[in-house]
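>>> Next comes the sequence, and after it the predicted model I'd like to discuss.
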Amino acid sequence: MSLREVKKDRTRAMIVDVAFKLFGRKGFAATSVEEIAAAAEVGARTVYRHFPTKEALVLGGFTKMFEAAQAALHACPAGTDVPELLRVVLESDLRMHAENPAHLRAAAEVIGGVRSVQAEFVYIRVVHERELRQAIAARIGGPDAPFIAELAVAHASAVFTLAFREWSESDGRIDLRDTAEKGLELLRAGKVPLPAPLS
C-alpha cells in the first residue's frame, strides 16, 4: 500500500470515528456533514470525496467487508468446491469484523433505527449476495447451478447475519466466530428443520 493510500485510509477512519461519536450524541438525522467535517478538522468536500452520503459513511465498514469477501472468493483456485468457497467467504467476513468491531456495531445500531440507512444496507447486501451467487454458480456449472448457488449463499448469509445480530445484541459479549460455527454445525448435523415435502 502506497503512502497516499495509507493517508487516505487514515482520513477515512478518522471521519468515521468522529461521525459515530456525533451520531451517538445527537442522532443520525440531526448530525450534518458540515458538523462531521468541522469535528474531524477537514473540509466538507473531503468528507464527500470519501463518502458521497451520510448513509455511505455509516455503511463503509460493511461495504469494505463485502468487497473483501468478493476478492477472497475470486482468489480461490479453479476446482475449489462450494463448501470451501463458502468457508473462505465467511472467514473473510469474520476477519474484517475483527479489524474494527466497534464501527460495525455502531453501524448496526444506526441501521436498526434509521430507515434510509436500512434501505441502503439492504440494497448493498442484495447486490453482494447476487454477485456471490453468480460467482459460485459459474464454478458449479450445469442447469441447476444458479438454484444450488442461491440456496448455498442463503444458508451462509443467514448464519453470519444471525451470528452478527446475536453478537451485536449482546453488546459484543459473545464470540461472533463461535456463534457462526454453532450455526454451521446445526446445519451440517441436519438439526435445522426443513419444510415437509409438498403434496
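Looks like it arrived, so ask away. Keep in mind that what you see is a predicted model, and the values were worked out from it rather than measured.
>>> Can you list the buried residues in the helix or strand harbouring Val117?
Take DSSP states H and E as the rule and Val117 turns out to sit in helix 115-140. Residues of helix 115-140 classed as buried: 117, 120-121, 128-129, 131-133, 135-137, 139-140 (neighbour count, 16 or more other Cβ atoms under 10 Å). In this view, the C-beta of every residue, glycine as well, is placed from N, C-alpha and C.
>>> Let me see the mean pLDDT of it.
For helix 115-140, mean pLDDT rounds to 95.
>>> And stretch 158-175, by the same measure?
On average, stretch 158-175 scores 94.
>>> Keeping just the C-alphas, turn that stretch into PDB.
Backbone C-alpha positions of stretch 158-175 (Å, rounded to 0.1, in the frame of the first residue of the first chain) are rendered in PDB as follows:
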ATOM      1  CA  ALA A 158     -28.300 -16.500   7.300                       C
ATOM      2  CA  VAL A 159     -25.600 -18.000   9.600                       C
ATOM      3  CA  PHE A 160     -23.400 -14.800   9.500                       C
ATOM      4  CA  THR A 161     -26.400 -12.500   9.800                       C
ATOM      5  CA  LEU A 162     -27.800 -14.300  12.800                       C
ATOM      6  CA  ALA A 163     -24.400 -14.600  14.500                       C
ATOM      7  CA  PHE A 164     -23.700 -10.900  13.900                       C
ATOM      8  CA  ARG A 165     -27.100 -10.000  15.400                       C
ATOM      9  CA  GLU A 166     -26.600 -12.100  18.400                       C
ATOM     10  CA  TRP A 167     -23.100 -10.600  18.900                       C
ATOM     11  CA  SER A 168     -24.400  -7.000  18.500                       C
ATOM     12  CA  GLU A 169     -27.400  -7.500  20.800                       C
ATOM     13  CA  SER A 170     -25.100  -9.000  23.500                       C
ATOM     14  CA  ASP A 171     -23.000  -5.700  23.400                       C
ATOM     15  CA  GLY A 172     -20.100  -7.800  22.000                       C
ATOM     16  CA  ARG A 173     -20.000 -10.200  24.900                       C
ATOM     17  CA  ILE A 174     -20.500 -13.300  22.900                       C
ATOM     18  CA  ASP A 175     -17.900 -14.600  20.400                       C
END
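>>> Alright, I will stop here.
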